[in-house]
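Participant: please work out how this folds:
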Amino acid sequence: MEETLDQGIISQEETKNFAYPLEFEFKIGTLANDFVAKDSSGTIIAYVRQKMFKLKEAIQVFSDESRNTVLYTINADRVIDFNANYAFTDASGELVGRVGRRGARSIFNAHYEVFNANGNLEFIIREENPWAKFFDALLGELPLVGLFSGYFLNPRYIVKRMDGTTEVARLSKEASFWGRRFTLVKLGELSKDQGERLVLSVMMMSLLERRRG
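Facilitator: Numbering: from 1, shown residues only. Purely as a prediction, here's the structure:
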């Protein structure tokens with residue numbers, strides 16, 4: 001992580017200074033579950049790739065699509081499970097925080113909790129319109145109709161502080177044929193470390209939720 005920007009490397013410190021809104025664009029036609037993250041200027045800030053054929057979720061966050069520099073890794077604490085927790089570690093192996101999916105609550109209405117490196121709860125992420133995802137997944141299986149469901153059935157996820165009242169960000173699935181674009185908008189103030197954990201949490205959540213519709 002000591003390389004300079006002149007070498008085309010995005011440092012970890014810079015990934016904490018995000019220029020919102022951020023856009024996640026999933027790849028189409030690849031076996032991997034992966035996407036490119038861009039800031040408001042269209043600059044790539046990360047390439048997120050899920051390792052294939054793993055019993056436990058294993059995700060790497062690279063500086064770009066060349067995959068030369070790993071910024072973070074995200075690992076599940078158990079085999080695929082609705083109660084799994086996903087820990088974030090930086091390139092030096094230091095724990096940054098984690099996000100956990102809350103079991104039965106997430107079966108219909110997605111519910112995640114974000115914790116800092118000390119295990120303290122910071123944010124709660126909830127789905128705002130769970131029926132949109134339900135019908136998106138249902139209609140997506142129908143010929144022709146499924147091609148257009150992504151234009152009018154788009155889930156949204158609200159991020160709040162641990163008190164459950166203060167909104168800090170919103171993730172929205174954007175209208176598209178393949179449902180491959182998500183936009184993260186900041187609604188409240190965040191410290192650098194909080195922004196880092198929030199974005200990593202939303203990246204992980206996007207990988208999980210996109211598979212559900």
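
Participant: list the buried ones in the longest helix along the chain?
Facilitator: Ranked by residue count and defined by DSSP state H, the top helix of the chain is helix 192-210. Residues of helix 192-210 classed as buried: 194-210 (neighbour count, 16 or more other Cβ atoms under 10 Å). Heads up, the C-betas are built off the backbone N, CA and C, glycines and all.

Participant: quick one: low-confidence ranges for this protein?
Facilitator: 1-16, 29-31, 53-56, 80-82, 103-108, 130-153, 176-179, 211-213 (pLDDT under 70).

Participant: could you rerun that using 50?
Facilitator: Applying pLDDT under 50 to the chain picks out residues 1-15, 141-147, 149-151.

Participant: and the helices in it, which stretches?
Facilitator: Under DSSP H, the chain gives helices at 12-15, 105-108, 130-139, 145-152, 192-210.

Participant: now the residue nearest to the spatial centre of the chain, nearest residue through space, not along the chain?
Facilitator: What sits nearest the mean C-alpha location of the chain, by Cα atoms, centre = their mean, is M203, with 1.4 Å. Counting by Cβ to Cβ, 6 or more residues apart in numbering, M203 lies nearest to V48, which is 5.2 Å off, once chain neighbours are set aside.

Participant: now do the contacts for the one you found.
Facilitator: Listed by Cβ atoms under 8 Å, 6 or more residues apart in numbering, the contact set of V48 reads F24, D34, F35, V36, A37, I59, Q60, V61, F62, M203, L207.

Participant: can you select the buried ones from these in PyMOL?
Facilitator: A single PyMOL command selects the buried members of the contacts of V48 (16+ other Cβ under 10 Å):
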select buried, resi 24+34+35+36+37+59+60+61+62+203+207
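
Participant: turn the contacts of V48 into a markdown table, columns for distance to V159.
Facilitator: Shown next, in a markdown table, are these (distance: Cβ to Cβ, whole Å):
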| residue | distance to V159 |
| --- | --- |
| F24 | 14 |
| D34 | 23 |
| F35 | 18 |
| V36 | 21 |
| A37 | 16 |
| I59 | 19 |
| Q60 | 23 |
| V61 | 19 |
| F62 | 24 |
| M203 | 13 |
| L207 | 16 |
